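Trainee: Requesting a structural model of the entry that follows:
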Amino acid sequence: MEKGEVSLKLGSIKDKLVKIKAKQDRLEADNAKLKEKAAQLELELKEAKAKSQNLEKDYDRVKLAKTLVSSSGDKAEMKFRVNELVREIDKCIALLNR
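Mentor: Have a look, this model is predicted:
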């Protein structure tokens, strides 16, 4: 092999290495952006789940209140039902504390 051929091959190898390094840098930058986006989406998902749970709790409360109001014609009956629910909750708490 002549000195000129070796120089050409070395130059070709160097060019390929430069291209590979540039591609690696681009891929690493893309990977970092994707990781950042994934973290952002995970945070948004967590926030959406929390909001959904809060809305479900609010809905359950409204549903219970509506049931109490619509099923009881007077305040005394509603008060009695609320007291029954409180007693039932107290029993559950007592069972949990055992």
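
Trainee: so where's this protein uncertain?
Mentor: Judged against pLDDT under 70, the low-scoring parts of the chain cover residues 1, 68-74.

Trainee: Helices of that one, start to end?
Mentor: Listed in chain order, the helices found in the chain under DSSP state H are 3-71, 75-97.

Trainee: could I get these as TSV with mean neighbour count?
Mentor: For every residue, glycine as well, the C-beta is placed using N, CA and C. What follows is these, written out as TSV (neighbours: other C-beta atoms under 10 Å):
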stretch	mean neighbour count
helix 3-71	10
helix 75-97	10
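
Trainee: got a list of what Asp15 touches?
Mentor: With contacts taken as C-beta atoms under 8 Å, 6 or more residues apart in numbering, Asp15 has no neighbouring residues.

Trainee: where's it relative to Leu41, distance?
Mentor: From Asp15 over to Leu41 the distance is 39 Å, taken as C-beta to C-beta, to the nearest Å.

Trainee: what do you get for Lys79?
Mentor: 48 Å.

Trainee: Same question for Glu88.
Mentor: In this structure, Glu88 lies at 42 Å from Leu41, with C-beta to C-beta as the measure.
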